[in-house]
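S.K.: Give me the fold of what follows.
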Amino acid sequence: MTDLLSKIKEKTANIAVIGLGYVGLPLAVDFAKAGFHVVGIDKNQARANAVDNGRNYIGDVSDDDLKTVTKNGRLTGTTDFSVLQQTDAICICVPTPLSKTKDPDVSFILHATDAVHQHLRSQQLICLESTTYPGTTHELVLPRLSRTGLTVGKDFFLSFSPERIDPGNAHFKLKNTPKVIGGTTPACLKLSEALYGNIVDHVIPVSSTEAAEMVKLLENTFRSVNIGLVNEMAIMAQKLGLDVWEVIHAASTKPYGFMPFYPGPGLGGHCIPVDPHYLAWKLKTLNYKARFIEMAGEINAAMPQYVVDLIVGGVESE
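M.R.: Model prediction:
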């Protein structure tokens, strides 16, 4: 551990980022800007080639930053997972969609983990960033990596740090958004804090990988439930002949105890429509029904049709 920690502090550690989407590419660029040598790995050949040639395709990444770190050799792109053998830290930033039955699809995490397992060596740090249900890191990732015979916390190190990327946000970027981290062991946490401390202003350690996984789901469930609440409020206001926007604006003048959310034609984005269902699924395995999540999901899923009906009704009344 001492040698790996020294490499991280001295920025001589080689870093791999698996998944070059809206989470992985900004992470790879920021590590490269901080002075590390980074390799971005993606199964999509076009993405890997674009990164390798400094061609940007993510809005939150500066064109100039990407060109600079690729031109100076700090960042390369590839589809070849064998390069993992030469890396000291590996960040997994792959998608976690839902199946048609709204069950978690962790196949991307498992494929990435299996690739890491094939090339795992002593004194490597693996950080999972993909949003998932509490227990994924400990129950799925750790057993696969342990098949090598290496011991976590001694031979290799494993943590979970949920991504907090908000695409298009002009104020909060990776650097000034606090980074939550949970380690499988204290040594795993210490190394992960040191690694991410090079690119973020504030690192927030929590007691376990499960706690870190739950943090992300709480954040997005909070948003989903409150969006569901305000969407239902819009329906109730319409039936009462009230302007919901006026009501929200007036309620927002309260200086404490209220946070405004706004109604819309359903949920968009990568996280809010998906992540709460990961938590609801996990609780079903424990014979518990996540009622707020399910109710918010029903309301939000019905909003597109509600908005269409309002529009059609407005047109017909003209």
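S.K.: which intervals of the stretch 1-150 of the chain have sub-threshold pLDDT?
M.R.: Scanning the stretch 1-150 of the chain for pLDDT under 70 picks out nothing.
S.K.: Strands along that one, start to end?
M.R.: In the stretch 1-150 of the chain, strands defined by DSSP state E, counting those that start in this stretch lie at 14-18, 37-41, 75-78, 89-92, 124-128, listed in chain order.
S.K.: Buried residues, the second one. List them.
M.R.: When neighbours are counted by 16 or more other C-beta atoms under 10 Å, the buried residues of strand 37-41 are found to be 37-41. Any C-beta I mention is one placed from the backbone N, CA and C, and that applies to glycine too.
S.K.: of those, closest to residue 141?
M.R.: Checking the buried residues of strand 37-41 against residue 141 with C-beta to C-beta, the nearest one is residue 41 at 16.7 Å.
S.K.: Thought residue 75 was touching the closest one, still the case?
M.R.: No - with contact defined as C-beta atoms under 8 Å, residue 41 does not reach residue 75; the gap is 11.7 Å.
S.K.: can I get the buried residues of strand 37-41 in JSON lines with distance to residue 164?
M.R.: Output for these, formatted as JSON lines (distance: C-beta to C-beta, whole Å):
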{"residue": "37", "distance to residue 164": "25"}
{"residue": "38", "distance to residue 164": "20"}
{"residue": "39", "distance to residue 164": "23"}
{"residue": "40", "distance to residue 164": "20"}
{"residue": "41", "distance to residue 164": "22"}
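S.K.: Between all of those residues, which two are separated the most?
M.R.: Longest distance between any two of the buried residues of strand 37-41 is 13.7 Å, between 37 and 41; criterion C-beta to C-beta.
S.K.: roughly how far apart are residue 85 and residue 168?
M.R.: Noted for residue 85: a distance of 37 Å to residue 168, by C-beta to C-beta, to the nearest Å.
S.K.: neighbour count winner among the two?
M.R.: The residue with more neighbours, out of residue 85 and residue 168, is residue 85; 12 against 9, by other C-beta atoms under 10 Å.
S.K.: Could you measure from the closest residue to the more buried one other than its chain neighbours over to residue 97?
M.R.: Of all residues not flanking residue 85 in the chain, residue 119 sits nearest, at 4.7 Å (C-beta to C-beta, 6 or more residues apart in numbering). From residue 119 over to residue 97 the distance is 26 Å, taken as C-beta to C-beta.
S.K.: of the two, who's got more company?
M.R.: The neighbour count for residue 119 versus residue 97, taken as other C-beta under 10 Å, is higher for residue 119 (17 against 11).
S.K.: and the more buried one, how far is that from residue 288?
M.R.: For residue 119 relative to residue 288 (C-beta to C-beta), the value is 39 Å.
S.K.: which ones are touching the residue nearest the centre of the chain?
M.R.: Ranked by distance to the mean C-alpha position of the chain (C-alpha atoms, centre = their mean), the top residue is residue 163 at 3.3 Å. Applying C-beta atoms under 8 Å, 6 or more residues apart in numbering to residue 163 gives the contacts 23, 27, 93, 129-131, 216.
S.K.: Swap in 10 Å and give it another go.
M.R.: Taking C-beta atoms under 10 Å, 6 or more residues apart in numbering, we find residue 163 in contact with 21-24, 26-27, 91, 93, 128-131, 174, 177, 179, 216, 270-271.
S.K.: now residue 98
M.R.: Counting by C-beta under 10 Å, 6+ apart, residue 98 touches 104-105, 273-275, 277-278, 281.
S.K.: can you check residue 153 too?
M.R.: 1, 183-189, 191.
S.K.: Excluding sequence neighbours, find me the nearest residue to it.
M.R.: Using C-beta to C-beta, 6+ apart, the closest residue to residue 153 is residue 185 (3.2 Å).
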